[in-house]
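[1] I need the structure of the sequence given here:
(one chain, ligands or ions: 1)
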Amino acid sequence: MAQTMIPALEVVADPDALTARAVERVLAAMEASPYGFRFGLCGGHTPEGLYRALARPPAEGRVPWERVIVFLGDERRVPDDDPRSNFGFVKRVFLDDVRLPMAGVLKPKAALPDGDAAAAAYEKLLRREMGTTPVDFLLLGLGEDGHIASIFPSSPALDEKDRWVMSVPAPTTVGPRVPRLTLTPVRILEAREVLVLVSGAGKAAAVARALAAEGDERACPARLLHRAGGKVTFLCDRAAAARIALA
Ligand code: 6PG
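    Model (predicted):
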């Protein structure tokens, strides 16, 4: 069993402070990666403030866009113009406003009817454009059911040892209940830095389960991050960290 370590926890006052701190961490990671920045994005609502802040001054002027590659850590298997599309969301609140060449945006063909083919095609794209170089910075959200990316409780992705991307069924614990593409632990655990962005009282129970010393990955997939050996930080506002006994 690989060495496990409880991820770090950083608590800030509120959602605005969460956005500000996340911007600082992204920019610091970019400045520490002079030869290219492979940046994994997540969907959901929590990162919207971060994406909007990165697309505007002052942060926007500090981003070395010419050497940034962005990709999605997971996607709903719907067309890009579907309101449930993570790519559609990220494009609207972030990519449409920045000087990032489209070659720097690695997008899955999420609407392909065959999920396994869509997953294989996305993995092929990621490998072609990033090689086996680890992701420099992977942004994740946390679901109330303890999922990260689209790795839901009892997900087959939890046991994956080879593939970077898998097609998984629609979740039964959270919405939207559509089939997904998701990074697997294989690619997630290689990342040089993982930031899990969590806001709101509704996530407090999931944060407590994710960061507890003991627990079951199948029940709380975010616990797979304990296998990442110290490269993971849960950045939470006070409401999301309310169930954690802070020393
Ligand atoms: C997705 C996301 C997912 C998200 C969490 C938290 O496709 O739904 O990538 O993993 O990060 O569900 O979502 P919220 O930020 O909306 O709470």
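[2] Could you check how far the closest residue to residue 50 other than its chain neighbours is from residue 183?
    Excluding the flanking residues, the one nearest residue 50 by CB to CB, 6 or more residues apart in numbering is residue 22, at 4.5 Å. No exception for glycine: its C-beta is placed from N, CA and C like everyone else's. Distance of residue 22 to residue 183, given as CB to CB, to the nearest Å: 19 Å.
[3] just residue 67 next, same as before
    In terms of CB to CB, residue 67 sits 22 Å off from residue 183.
[4] now swap in residue 74 and tell me
    Separation of residue 74 from residue 183 (CB to CB): 6 Å.
[5] what about the closest residue to residue 89 other than its chain neighbours, distance to residue 161?
    Sequence neighbours aside, residue 43 is the residue nearest to residue 89 in space, at 5.9 Å (criterion: CB to CB, 6+ apart). In this view, residue 43 and residue 161 are 25 Å apart by CB to CB.
[6] Looking at the two, which is more packed in?
    residue 43 (24 against 7; other CB atoms under 10 Å).
[7] who's the residue nearest the centre of the chain bridged to?
    Geometric centre of the chain, nearest residue: residue 140, 2.6 Å, by CA atoms, centre = their mean. For residue 140, the beta-bridge partners under DSSP bridges are residue 196.
[8] Surely it touches residue 151?
    No: counting by CB atoms under 8 Å, residue 140 does not reach residue 151; the two are 9.7 Å apart.
[9] Could you confirm residue 75 falls within a helix?
    No: Residue 75 is assigned strand when assessed by DSSP: H, G, I helix; E, B strand; the rest coil, not a helix.
[10] ok, it - how many residues close by?
    Residue 75 - counted by other CB under 10 Å - has 31 other residues nearby.
[11] show me the contacts for it.
    By CB atoms under 8 Å, 6 or more residues apart in numbering, the contact set of residue 75 is 43, 85-87, 108, 110, 150, 180-182.
[12] Quick check: the gap between residue 31 and residue 63.
    For residue 31 relative to residue 63 (CB to CB), the value is 10 Å.
[13] residue ranges for the strands of the protein, please.
    Here the chain has its strands, by DSSP state E, at 8-12, 37-41, 68-72, 74-76, 105-106, 137-141, 165-168, 180-183, 194-198, 232-237.
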